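1. 3D, please:
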Amino acid sequence: MTAIVRNKEYKNSSVKVFYKDIFELTKADLVGFDAVISAFGTFTDVTFPLYKKVAIHLINLLSGSSTRLIIIVSGAGTLLVDDKGTMAMDTPDFPHEYMGVARAAAESFFEPKTNRTYFGCM
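-> Prediction:
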């Protein structure tokens with residue numbers, strides 16, 4: 001197992017740690033992995049567009065490979081609440097203060113993906 005992080009202060013003796021910003025990753029950096037799990041998260045209006053940008057970047061890096069991509073979506077805004085496809089963020093009771101991150105996550109969720117891209121909720 002390998003953790004790829006940009007924070008050089010991060011230490012973990014249980015895994016190999018590779019320090020690199022996500023947008024500096026190359027296809028060569030990800031060769032040999034069975035799966036890449038993205039737990040990217042940000043919580044400001046200015047940085048919300050990065051959710052979609054990260055998803056597109058990782059999908060492009062893994063294009064043509066057999067490596068699976070798993071993207072962990074922050075929050076529950078994209079969870080379906082009925083059999084009509086209504087997302088939690090589209091209900092009247094969804095908290096307004098979480099709408100920005102929910103919309104950003106939804107945009108990355110619906111970004112075109114390969115049959116080896118999976119989304120999970122955290």
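2. give the contact list for the closest residue to residue 80 other than its chain neighbours.
-> Spatially, and ignoring its direct neighbours in sequence, residue 80 is nearest to residue 87 (6.2 Å; C-beta to C-beta, 6 or more residues apart in numbering). For glycine as for every other residue, the C-beta is placed from the backbone atoms N, C-alpha and C. Taking C-beta atoms under 8 Å, 6 or more residues apart in numbering, we find residue 87 in contact with 77, 78, 79, 80, 81, 102, 106.
3. residue 57: which of these is nearest?
-> residue 106 (17.8 Å; C-beta to C-beta).
4. so how far is residue 97 from the closest one?
-> Relative to residue 97, residue 106 is positioned 16 Å away (C-beta to C-beta, to the nearest Å).
5. quick one: which of those two has more around it?
-> Using other C-beta atoms under 10 Å, the more surrounded residue of residue 106 and residue 97 is residue 106, with 19 against 7.
6. my guess is the more buried one contacts residue 75. True?
-> No: the pair residue 106 / residue 75 is not scored as a contact, 9.8 Å apart, by C-beta atoms under 8 Å.
7. residue contacts, the nearest residue to residue 48 once chain neighbours are set aside?
-> With C-beta to C-beta, 6+ apart as the criterion, residue 48 has its nearest non-adjacent residue at 3.7 Å, and that residue is residue 104. Residues near residue 104 by C-beta under 8 Å, 6+ apart: 42, 48, 49, 50, 51, 52.
8. tell me, how many residues neighbour the first one?
-> Meaning residue 42. For residue 42, the count of nearby residues is 16 (other C-beta under 10 Å).
9. and it, what is it in contact with?
-> Counting by C-beta under 8 Å, 6+ apart, residue 42 touches 48, 50, 51, 101, 104.
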